[in-house]
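[1] kindly generate the corresponding structure for this input.
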Amino acid sequence: MRVAIIGAGISGLGAAWILRKTHSVSVFEAADYPGGHTHTVDVSLQGVSAPVDTGFLVFNDRTYPNLLGLFAELNVPWTASDMSLSVRLPALNLEWCGSSLSTLFAQKRNILRPAFWGMLKDILRFNREALAWLNISDADITLDEFLRRGAYGEWFKTAYLLPMAAAIWSCPTATMLAYPARSILQFYRNHGLLQIFDRPQWRTVVGGGREYVQRITRQLSDVRLNAPVEALHPAPEGGVMVQFAGNQKEHFDQVICALHGDQARKLLGDHWPEQSAALAQCQYQDNEAYLHWDESFLPKHRKAWAAWNFHEEGVADARRSVAVTYLINQLQPLPFKTPVMVTLNPQRVPDPQKTWAQFHYAHPVFDHGALAGQEAVRRLQGRDGLWFCGAWLGHGFHEDGLRSAVEVANHMGIRATWQKQASPATEPRMETWPQQVLR
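    Next up is the predicted model:
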């Protein structure tokens, strides 16, 4: 069969890789590079150049089974990474990082702040109660309702849980409060975020994510860059007509839309109303990213520097896009002593003299409507030769995008060579270093 794959992110490339030996596959990509959110950029400092990832950065050894399988098949090199988090809230005159006791109290005044100790106690209580709630409740409530029922303190919400969640999903904190509690807590449990010890080992690709992209595209016979698809039409003889480059049309037996849900919906026109209605429930958050070396975006206390650094400038606003700075030196092996950063949605622009580039990304919003849209899309997969895959069909991460591609390939009768199940989340050890401090 002739199969068109629209989009060359992890979902599109994953589908193309799995189907390449059994079908005639053509990949259409609107950008001038393949990879989507896998976007590696070469930067130079003091005469030294190195690849830096600005989108996809890390994966782990426990909840990324498909990505691990693909990387093993491609012989992609990797090394250990760090996933520490710091929070800086000037309105509370607060900085802290959860890596260790030393970083926890990098700001010495935290030792004498009752509100800070109350936050630590709430973290421990939240970890216990969230695990218990997942085991006994099927309530369909928002994160906000879960927190209100648990009577968690304001510092726990504003200085820990919401910064972490907003940084993970690249959404405003107000948006995170409207997320389904069960979906968030299941993600936290599966990724070891409800425990201190025995967390997954995070990894990053040596040489940047483009290493795996290049290994895939070198073995695909038809990858078309700068080739935006303009519309899809049902073909009278069956299959789908793909319209691109003005009014050019090409017939395919099957079409896989490996795009954001809103992008896929625009291609359908009035031809597939059920699919369009399902896709309409999947919303997106626009985010601006700056690649720079302006240290003022890191915590003032160097001990509090982390891989992920959440920060609020001025008065907090729960509706404002999340501002987080990724310290790439702690996430990837770089030959620089100077901090290299990617800042998402800065409330002030980094120093232009210290900025390499600016990028635009869109991330899915996983509210109740999005979850309903996911289920509707799954029921409609393959109808009239039309398929959908993308990270938005899961939790929004690389593994979700690849898993959705694997599922589409399975429905088409092809299995990935690496297919296996993710390891179940391990039970946390109840004795943690905050508990030792708080006893």
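
[2] tell me where the longest helix sits in this protein.
    Secondary structure of the chain per DSSP state H: the longest helix is helix 114-136.

[3] can you pull the buried residues of that helix?
    116-117, 119-120, 122-123, 126-127, 129-131, 133-134 (16 or more other Cβ atoms under 10 Å). Just so you know, the C-beta spots here come from the backbone N, C-alpha and C atoms, and that holds for glycine as well.

[4] what do you get for stretch 375-387?
    Here stretch 375-387 shows 376-377, 380-381, 384-387 as buried, counting by 16+ other Cβ under 10 Å.

[5] then stretch 400-413?
    Here stretch 400-413 shows 400-409, 412 as buried, counting by 16+ other Cβ under 10 Å.

[6] what's in contact with it?
    For stretch 400-413, contacts defined as Cβ atoms under 8 Å, 6 or more residues apart in numbering pick out 9-12, 14-15, 18-19, 23, 66-67, 70, 254, 256, 258, 381-382, 387-394, 415-416, 419.

[7] starting at the chain centroid, how far to that stretch?
    Its chain's average C-alpha position is 18 Å from that of stretch 400-413, according to Cα atoms, centre = their mean, to the nearest Å.

[8] do stretch 122-133 as well
    24 Å.

[9] likewise for stretch 103-111?
    On Cα atoms, centre = their mean, the centre of stretch 103-111 falls 30 Å from the chain's centre.

[10] pick the one among the buried residues of helix 114-136 closest to Ala151.
    Ala151 has its nearest neighbour among these in Asp122, at 9.3 Å by Cβ to Cβ.

[11] how about the contacts made by the closest one?
    Applying Cβ under 8 Å, 6+ apart, the residues contacting Asp122 are 152-153, 155-156, 160.

[12] which residue packs closest to it, ignoring adjacent ones?
    Of all residues not flanking Asp122 in the chain, Phe156 sits nearest, at 3.6 Å (Cβ to Cβ, 6 or more residues apart in numbering).

[13] same question for Cys171.
    Using Cβ to Cβ, 6+ apart, the closest residue to Cys171 is Gln285 (5.1 Å).

[14] on the three-state scheme, the one you found is what?
    strand (DSSP: H, G, I helix; E, B strand; the rest coil).

[15] can you check Leu291 too?
    strand.

[16] so what's it scoring on pLDDT?
    Here, the pLDDT recorded for Leu291 equals 98.

[17] surely it touches Thr54?
    Yes: Leu291 lies in contact with Thr54 (Cβ atoms under 8 Å); the separation is 5.6 Å.

[18] now do the shared contacts for those two.
    Listed as contacting both Leu291 and Thr54 by Cβ under 8 Å, 6+ apart are 41, 342, 357, 359.

[19] save the residues you listed as a markdown table, and put in pLDDT and neighbour count too.
    Listed next are these as a markdown table, based on pLDDT from 0 to 100; neighbours: other Cβ atoms under 10 Å:
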| residue | pLDDT | neighbour count |
| --- | --- | --- |
| Val41 | 96 | 17 |
| Val342 | 97 | 24 |
| Ala357 | 96 | 14 |
| Phe359 | 95 | 16 |
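
[20] among those residues, which lie within helices?
    Per DSSP H, the shared contacts of Leu291 and Thr54 never map to helices.

[21] list just the nearest of these to Pro335.
    For those, the nearest to Pro335 is Val41 (15.2 Å; Cβ to Cβ).

[22] which residues touch that closest one?
    Each residue near Val41 by Cβ under 8 Å, 6+ apart is listed here: 51-54, 291, 356-357.

[23] can you tell me the SS state at Glu399?
    Following three-state DSSP, we place Glu399 in the helix state.

[24] tally of neighbours for Gly369?
    For Gly369, the count of nearby residues is 14 (other Cβ atoms under 10 Å).

[25] residues contacting it?
    Counting by Cβ under 8 Å, 6+ apart, Gly369 touches 281-283.

[26] next SSE after the longest helix of the chain?
    helix 143-150 (DSSP states H and E).

[27] flag every buried residue along that next one.
    For helix 143-150, burial by neighbour count (16+ other Cβ under 10 Å) applies to 143-144, 146-147.

[28] tell me the SS of Gly55?
    Taking three-state DSSP as the rule, one finds Gly55 in the coil state.

[29] so it sits right up against His37, yeah?
    Yes: here Gly55 reaches His37: they are 3.7 Å apart, a contact under Cβ under 8 Å.

[30] wasn't Leu334 part of a strand?
    No: assessed with three-state DSSP, Leu334 is coil; it does not lie in a strand.

[31] and it, its phi and psi?
    phi -120, psi 150 (degrees, to the nearest 10).

[32] could you report the separation of it from Gln254?
    Counting by Cβ to Cβ, to the nearest Å, the separation of Leu334 from Gln254 is 42 Å.

[33] who's more crowded, these two?
    Gln254 (21 against 18).

[34] what residues are bridge-paired with that one?
    Val3 (DSSP bridges).

[35] how close does it get to Pro339?
    Separation of Gln254 from Pro339 (Cβ to Cβ) stands at 47 Å.

[36] check Ile6 too.
    Applying Cβ to Cβ, the value for Ile6 to Pro339 is 38 Å.

[37] which of these two has more neighbours?
    Neighbour totals were compared for Ile6 and Pro339, and Ile6 leads with 24 against 19 (other Cβ under 10 Å).

[38] next, the more buried one: phi, psi?
    Dihedral angles (degrees, to the nearest 10) for Ile6: phi -100, psi 110.

[39] my read: it touches His260, true?
    No: Ile6 is beyond contact range of His260, at 11.1 Å (criterion: Cβ under 8 Å).

[40] may I see the domains of the protein written out as residue ranges?
    2-41+208-281+367-411, 80-203+284-364+429-438 (automatic domain parsing).
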